[in-house]
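> need the 3D shape of this:
(one chain, ligands or ions: 1)
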Amino acid sequence: MKPPRFQYHVPESLDEALGLLAELGADAKPLAGGQSLVPLLNMRLARPGHLLDLNRVAELDYLTERDGGLALGAMTRQRAVERSALIRDRCPLLAQAIRYVGHLPIRTRGTIGGSVAHADPAAELPGVLAALDGRITLQSRSSTRVLDPADFFLGVLASAATPEELVTEIWLPAVPERTGQVWLEVARRHGDYALVGLGASVTLDGDGTISEARLALIGVGPVPVRARRAEERLRGEWPATSLFREAGRLVSAEIQPETDVHATSEYRRRVAAVLTERALAEATRQITRETVE
Ligand SMILES: Cc1cc2nc3c(=O)[nH]c(=O)nc-3n(C[C@H](O)[C@H](O)[C@H](O)COP(=O)(O)OP(=O)(O)OC[C@H]3O[C@@H](n4cnc5c(N)ncnc54)[C@H](O)[C@@H]3O)c2cc1C
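All right, here's what the predicted structure looks like:
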């Protein structure tokens, strides 16, 4: 199939892009890597009158340390994140998760902003943002707002961004000392969207107890899900296999995955429990260099 007719705009700066969006409103769609939008156009599931190609907006392509964390411009390619030593060093969860995004050619074109704006419930980047309490910056010609993931991701392919806004940046906080981070997921084939994905971050106190645990899941609801009850249960406890198994059970009880053509709800719950147990054990091992009994 060919896409329906559209007018093609190629802004050279963020100001120009935001000006065009303000003018054209809901009839315009930003084009980033095109890895999700182009198939939607070809299948005629999206029919914008105007496409705003962001690929020449160089000021949105960066990856840098800022405000004690990491700032990534919306047009940063997923592959640039995958190859970045800074990301590997400062945000191991993102470094691991990004490798699960589609295949190499997809990551070479696909962007951070496109992935976040697309708001697929099985996408890795939204899961990383939820796990780490990242921030998403939205800009229009007249305003800038910074949202946390719970306020940004509203449903399946639905976000808080208005037609006049662009996602311009994501920000991830610094990883505390004595923290282990693990991304795990199960998909039918490598490169497919996850049936269930899990991001875990564990911080240990000086005495070896868990001072903070973060668990975020993808593929189990319309938006990334934080497993707050399991996180609460882990806090203040000594790492132990039995504790991690219990956390897995809590996660499985806390989530409400749908049954669809890919997997049943029950299967997704079971996978979530197993991934939780494994991720917590591995995250702890990263800190102590010892296997948890
Ligand atoms: C075969 C295949 C497998 C894939 N597997 C995975 C996977 O496992 N995990 C995963 O996460 N993704 C997967 N993807 C999607 C891929 O990661 C896309 O790159 C990503 O979803 C969209 O990024 P993009 O830059 O290509 O955005 P585009 O396709 O250009 O845009 C996607 C949507 O976001 C909007 N948009 C883009 N940029 C902005 C912005 N800055 N501000 C506001 N709106 C914007 C567009 O208008 C469009 O609605 C897969 C894609 C394919 C084709």
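> so which helix or strand takes in residue 215?
strand 210-218 (DSSP states H and E).
> who does the very next helix or strand once past that strand pair up with?
Going down the chain from strand 210-218, the next helix or strand is strand 225-226, by DSSP H and E. Looking at strand 225-226 with DSSP bridges, its partner strands are strand 210-218 (antiparallel).
> give the burial count for the closest residue to residue 113 other than its chain neighbours, as a bare number.
Closest residue to residue 113 apart from its sequence neighbours, by Cβ to Cβ, 6 or more residues apart in numbering: residue 74 at 2.5 Å. No exception for glycine: its C-beta is placed from N, CA and C like everyone else's. Residue 74 has 28 neighbours, counted by other Cβ atoms under 10 Å.
> residue 74 contacts residue 165, doesn't it?
No: the pair residue 74 and residue 165 does not pass the contact test of Cβ atoms under 8 Å, sitting 11.1 Å apart.
> do you know how far the residue nearest in space to the middle of the chain is from residue 90?
The centroid of the chain falls nearest to residue 125 when counting by Cα atoms, centre = their mean (1.7 Å). As judged by Cβ to Cβ, to the nearest Å, residue 125 and residue 90 stand 16 Å apart.
> repeat for residue 145
Separation of residue 145 from residue 90 (Cβ to Cβ): 25 Å.
> tell me the mean pLDDT for the strand or helix carrying residue 24?
Using DSSP H and E, the secondary-structure element containing residue 24 is helix 14-24. Throughout helix 14-24, pLDDT has a mean value of 97.
> and if you look at stretch 264-281?
For stretch 264-281, the per-residue pLDDT averages 98.
> hey, C-alpha coordinates of that stretch in CSV?
Taking Å, rounded to 0.1, in the frame of the first residue of the first chain, the C-alpha atoms of stretch 264-281 are listed here in CSV:
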residue,chain,number,x,y,z
THR,A,264,-2.9,-15.3,27.7
SER,A,265,-3.2,-13.1,30.8
GLU,A,266,-2.1,-16.1,32.9
TYR,A,267,1.0,-16.7,30.9
ARG,A,268,2.0,-13.0,31.2
ARG,A,269,1.5,-13.1,34.9
ARG,A,270,3.7,-16.2,35.2
VAL,A,271,6.4,-14.7,33.0
ALA,A,272,6.3,-11.5,35.1
ALA,A,273,6.9,-13.4,38.3
VAL,A,274,9.8,-15.4,36.9
LEU,A,275,11.4,-12.3,35.3
THR,A,276,11.1,-10.4,38.6
GLU,A,277,12.8,-13.2,40.6
ARG,A,278,15.6,-13.4,38.1
ALA,A,279,16.1,-9.7,37.7
LEU,A,280,16.3,-9.0,41.4
ALA,A,281,18.8,-11.8,41.9
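> tell me how far that stretch lies from the chain's centre.
19 Å (Cα atoms, centre = their mean, to the nearest Å).
> could you identify the helix or strand that succeeds the helix or strand harbouring residue 52?
Element membership for residue 52, per DSSP H and E: strand 50-53. Downstream of strand 50-53, the next assigned helix or strand under DSSP H and E is strand 63-66.
> for stretch 126-143, how far is the first residue from the last?
23 Å (Cα to Cα, to the nearest Å).
> buried residues in it?
By neighbour count on 16 or more other Cβ atoms under 10 Å, the buried set for stretch 126-143 is 126-132, 134-140.
> what does stretch 272-286 give?
Counting neighbours by 16+ other Cβ under 10 Å, stretch 272-286 gives 272-285 as buried.
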